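J.: Return atomic coordinates for the entry below.
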Amino acid sequence: MGTPTTLRKERSVLTGTSFANNTTGAITALMVRQFVESGMGGYATIYSPAGTPASQAIAASTTVTIDWNADSVGANGPDDTGTVGVSVGSDADFANDRIRIYDKGFFMVNLGISFAQTGTDTVIWTFRIGTSVDGASTTYPGYDCAVQRAVATLENMVSASGIIDTTGHTTYTDVIAQVKHADAGSENFQMHYGQLSVFRVG
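T.: Alright, predicted model coming up:
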């Protein structure tokens, strides 16, 4: 074991972009950040706060990505993009109806929607959490939920959650929320309030 003098690093080394004197190679600032995130967690949220809901037409037998800005008040909540670059953190992106996760790991996804429909048909609405790896087609981990509506404008609440694995991506994993219905024709979906969030759990 070295003396305290030899073990101590100068401030210029500790605050630099790497710690070059370890025995197995340089520990970069990115590595340090990812180690901290493993304990503290990456996170991001998009949401639709109180506002005048706008109708989103959903065709029969069609799964549609929820428009978080249909009522012109969608917003980005907190996220963790950091300052190292796009290879770190999670990016809230309501403008594109998604959360983009750059970190590899395991993330909890939570979806909560308060909604109404404009038609009077009895409709079963299904809400789905989907993921897209490096821009590929959307896949579903199975975290779906459904609710039956029979009265126009009646407010109802749905929620879904689950853990997704982002270790297989090269650059990023997108998380989106989608909706479909079992009616024979087109139906108008109205989100009054909603949030989609992710946070790292491993």
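J.: Now residue 174. Nearest residue, chain neighbours left out?
T.: residue 132 (4.3 Å; C-beta to C-beta, 6 or more residues apart in numbering). Bear in mind the C-beta positions are built from the backbone N, C-alpha and C, glycine included.
J.: And for the nearest residue to residue 50 once chain neighbours are set aside, the neighbour number?
T.: Nearest residue to residue 50, sequence neighbours excluded (C-beta to C-beta, 6+ apart): residue 193, at 6.7 Å. Residue 193 is flanked by 17 other residues according to other C-beta atoms under 10 Å.
J.: Who does residue 193 form a beta bridge with?
T.: residue 114 (DSSP bridges).
J.: Which segments of the chain make up each domain?
T.: Domain assignment of the chain by automatic domain parsing yields the ranges 1-40, 42-200.
J.: Turn these into CSV, including mean pLDDT.
T.: Shown next, in CSV, are those (pLDDT from 0 to 100):
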stretch, mean pLDDT
domain 1-40, 57
domain 42-200, 90
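J.: contacts for the helix or strand containing residue 100?
T.: Assigned by DSSP states H and E, residue 100 falls within strand 98-101. For strand 98-101, contacts defined as C-beta atoms under 8 Å, 6 or more residues apart in numbering pick out 42, 44-46, 79, 90-93, 107, 166, 172-176, 196-198.
J.: quick one: strands adjacent to it?
T.: Here, using DSSP bridges, strand 98-101 pairs with strand 90-93 (antiparallel), strand 173-181 (antiparallel).
J.: In a markdown table, list the ones you listed along with distance to residue 103 and mean neighbour count.
T.: Compiled in a markdown table, those are given as follows (distance: least, C-beta to C-beta, whole Å; neighbours: other C-beta atoms under 10 Å):
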| stretch | distance to residue 103 | mean neighbour count |
| --- | --- | --- |
| strand 90-93 | 7 | 22 |
| strand 173-181 | 9 | 23 |
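J.: want to try JSON lines for those strands, with distance to residue 112 as columns?
T.: Output for the strands paired with strand 98-101, formatted as JSON lines (distance: least, C-beta to C-beta, whole Å):
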{"stretch": "strand 90-93", "distance to residue 112": "15"}
{"stretch": "strand 173-181", "distance to residue 112": "10"}
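J.: out of those, which comes closest to residue 64?
T.: With C-beta to C-beta, the closest approach to residue 64 among the strands paired with strand 98-101 belongs to strand 173-181: 6.0 Å.
J.: and the closest one, how far out from the chain's middle?
T.: 10 Å (C-alpha atoms, centre = their mean, to the nearest Å).
J.: and if you look at stretch 109-117?
T.: Distance of stretch 109-117 from its chain centroid, counting by C-alpha atoms, centre = their mean, is 14 Å.
J.: What are the contacting residues of it?
T.: Residues outside stretch 109-117 that contact it (C-beta under 8 Å, 6+ apart) are 53, 66, 123, 125, 127, 129, 143, 149, 152-164, 175, 177, 187-198.
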